[in-house]
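In: one predicted model, sequence on top.
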Amino acid sequence: MAITKEMQDAINDQINAELYSAYLYLSMGAYFADEGLTGFENWMRCQYMEETMHAMKMFNYVIERGGRVELKAIDQPAKTWNSYVEVMEEVLKHEQYVTSRINKLVSLSRKLEDYASESFLMWFIDEQVEEEASAEELLIKLKRVKDSPNALYQFDSQLATRVLAPDVVPVIMNQAVN
């Protein structure tokens with residue numbers, strides 16, 4: 001069964017939101033790079049890649065369902081913040097916003113009795129639980145650092161070790177080829 005125009009348009013809007021998320025995290029990464037916090041920059045670059053993969057997962061889904069992907073302009077994200085804590089507060093707030101958008105997509109899929117889309121979107125529901133928990137944990141830790149340069153250095157060093165799960169990239173890329 002082909003995807004309905006209403007669901008196609010809603011997922012296309014979410015593709016744009018995911019690409020904006022990627023753009024936002026890339027901007028945050030640039031901010032941290034300017035601040036000399038390469039671990040935070042690395043964490044944001046990983047987020048950028050993850051959000052791009054989310055967009056591609058949706059991109060592929062629309063095509064697999066016989067729909068048409070329509071890419072839209074991506075809004076320009078902020079590029080400066082007043083503090084590191086402010087950046088992480090925005091990350092958490094943004095992830096909560098994305099969760100609300102995904103929840104609305106699930107509600108739409110149920111209204112349309114589009115069980116394939118509902119099933120597809122459940123992965124994103126689970127992913128958003130993880131995204132919010134991760135952002136909240138980082139925010140809590142950053143607030144604990146306060147004004148301690150040593151603690152900030154250790155935290156930054158920990159974030160420098162983050163890598164995307166090696167099994168995620170081939171799966172997403174393989175879907176793009178099929």
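Out: In hand now; what should we look at?

In: what about the residue most central in space within the chain, distance to residue 152?
Out: Here the mean C-alpha position of the chain is nearest to the C-alpha of residue 51 (C-alpha atoms, centre = their mean), at a distance of 3.7 Å. Distance, residue 51 to residue 152, using C-beta to C-beta, to the nearest Å: 25 Å. (Each C-beta comes from the backbone N, C-alpha and C, glycine too.)

In: please look at the residue nearest to the centre of the chain and residue 18 and confirm they touch.
Out: Yes: taking C-beta atoms under 8 Å as the contact criterion, residue 51 and residue 18 are neighbours in contact, 5.3 Å apart.

In: please enumerate the helices of this structure.
Out: Taking DSSP state H as the criterion, the chain contains helices spanning 5-34, 38-64, 84-111, 115-145, 149-159, 168-177.

In: can you check which of the ones you listed gets nearest to residue 75?
Out: Between residue 75 and the helices of the chain, the shortest separation by C-beta to C-beta is 5.8 Å, and it involves helix 5-34.

In: elements contacting that closest one?
Out: Judged by 3 or more C-beta pairs under 8 Å, 6 or more residues apart in numbering; DSSP states H and E, the packing partners of helix 5-34 are helix 38-64, helix 84-111.

In: for those, give me a markdown table that also has mean pLDDT and distance to residue 132.
Out: Putting those into a markdown table (pLDDT from 0 to 100; distance: least, C-beta to C-beta, whole Å) gives the following:
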| stretch | mean pLDDT | distance to residue 132 |
| --- | --- | --- |
| helix 38-64 | 97 | 13 |
| helix 84-111 | 98 | 5 |
